[in-house]
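*Asks:* give me the fold of what follows.
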Amino acid sequence: MHILPLYAALLALLFVALSVRTIRLRRSLRIAIGDSGDERMLRAIRVHANFVEYVPFGVLLLFLVETKGANPLLVHGLCLCLLVGRLAHAYGVSQPRENFRYRVFGMALTFTTLLTSAGYLLFAFAVGR
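*Replies:* Predicted structure coming up:
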């Protein structure tokens, strides 16, 4: 179990970057709570919240996959899917004139991580690993 900590650290840095970006925007727009109807604030909030909604569960599943002894290439691949997926999603949703391809690509990679990890764990359970 030595692969996931690298990606967890990178995801933590991305989380902090999204948090700081949201805080700075709040300060510059003088919005203490909510979005005050400002689309930039709403987008920053949603990017941050969407990260929080998906990444912890993804990291938990990846931890379980790695502890079950999955092939290191599979673990790296799944971790990269989650990291790149979250980067693409954050970039896409952050754009005022959103190109939905980034958002869809980001969610596809995120779901690939979740579904593949879940499938791996169910298979490992079924065969008694």
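
*Asks:* chain center to stretch 56-63: distance?
*Replies:* Averaging C-alpha positions (CA atoms, centre = their mean, to the nearest Å) puts stretch 56-63 10 Å from its chain's average.

*Asks:* let me fix that: stretch 56-66
*Replies:* 12 Å.

*Asks:* mind saving the C-alpha coords of that stretch as CSV?
*Replies:* C-alpha atoms of stretch 56-66 as CSV (Å, rounded to 0.1, in the frame of the first residue of the first chain):
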residue,chain,number,x,y,z
PRO,A,56,-13.7,11.0,-0.4
PHE,A,57,-15.7,8.0,-1.5
GLY,A,58,-13.4,7.5,-4.5
VAL,A,59,-10.3,7.6,-2.3
LEU,A,60,-12.0,5.1,0.1
LEU,A,61,-12.7,2.7,-2.7
LEU,A,62,-9.2,3.1,-4.0
PHE,A,63,-7.8,2.4,-0.6
LEU,A,64,-9.8,-0.8,-0.4
VAL,A,65,-8.7,-1.9,-3.9
GLU,A,66,-5.1,-1.3,-3.1
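
*Asks:* which of the residues in that stretch are buried?
*Replies:* Using 16 or more other CB atoms under 10 Å as the test for burial, stretch 56-66 gives 58-59, 61-66. Just so you know, the C-beta spots here come from the backbone N, C-alpha and C atoms, and that holds for glycine as well.

*Asks:* ok, stretch 48-56 next?
*Replies:* Using 16+ other CB under 10 Å as the test for burial, stretch 48-56 gives 48, 50-51, 54-55.

*Asks:* quick check: residue 76 touching residue 6?
*Replies:* No - between residue 76 and residue 6 there is no contact under CB atoms under 8 Å: 9.1 Å.

*Asks:* for the helix or strand hosting residue 114, packing partners?
*Replies:* Under the criterion DSSP states H and E, the helix or strand holding residue 114 is helix 100-126. Helices and strands touching helix 100-126, by 3 or more CB pairs under 8 Å, 6 or more residues apart in numbering; DSSP states H and E, are helix 39-67, helix 72-94.

*Asks:* circling back to that earlier point, ok, of the buried residues of stretch 56-66, which one's closest to residue 92?
*Replies:* Distance to residue 92, by CB to CB, is smallest for residue 58 among the buried residues of stretch 56-66, at 17.9 Å.
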